[in-house]
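Undergrad: here are the coordinates; sequence isn't available:
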């Protein structure tokens, strides 16, 4: 390999390593749901399970982890939606998992998503005109 080629290869590999290290988020989909929120699979009828901010979620089957997701917290950001301009750009919220998406007391806007966000949580990152959004999420 020639010396100029080696000199070009090093910065490319370094850049790739930095980019891969910073990519720790997962992607998925999110819907929303409204009251009644109680009881939940995780904490039953205890109203203290809900953060005062109203930012909570139900875990879809992909992250449910046989109930181990109860209490987990995630940073969530809207990436895109089929509904034009649905995402609120650069808005990241932190939600707490309190329920299982397939066992909700009210119907979600769409079944089979990675997360089902409370109405308040969904409205913080997207317009309710979108029934489902593509999200980026990271466990805190």
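TA: Happy to help now that I have it. These numbers were taken from a predicted model, which means no experiment stands behind them.

Undergrad: quick one: the helices in this structure?
TA: Ranges of helices within the chain are 3-22, 61-64, 119-125, based on DSSP state H.

Undergrad: show me what contacts residue 102?
TA: 60-61, 111 (Cβ atoms under 8 Å, 6 or more residues apart in numbering). (Glycine included, C-beta is placed from N, CA and C.)

Undergrad: same deal with residue 73?
TA: So residue 73 contacts 94-97, 139-140 (Cβ under 8 Å, 6+ apart).

Undergrad: where does it land on pLDDT?
TA: Residue 73 is assigned a pLDDT of 98 by the prediction.

Undergrad: and the gap between it and residue 132?
TA: According to Cβ to Cβ, to the nearest Å, residue 73 and residue 132 sit 22 Å apart.

Undergrad: I'd like to know which of the contacts of residue 73 is nearest to residue 87.
TA: residue 95 (16.1 Å; Cβ to Cβ).

Undergrad: the closest residue in space to the closest one that isn't next to it in sequence: neighbour count?
TA: The shortest distance from residue 95 to any non-neighbouring residue, by Cβ to Cβ, 6 or more residues apart in numbering, is to residue 57 (4.3 Å). Neighbour count for residue 57, taken as other Cβ atoms under 10 Å: 29.

Undergrad: isn't residue 57 up against residue 74?
TA: Yes: counting by Cβ atoms under 8 Å, residue 57 does reach residue 74; the two are 7.2 Å apart.

Undergrad: find the residues that touch each one of the two.
TA: Both residue 57 and residue 74 are contacted by 95, 97, 115, under the criterion Cβ under 8 Å, 6+ apart.

Undergrad: of the residues you listed, closest to residue 31?
TA: Using Cβ to Cβ, those come closest to residue 31 at residue 115, 7.8 Å.
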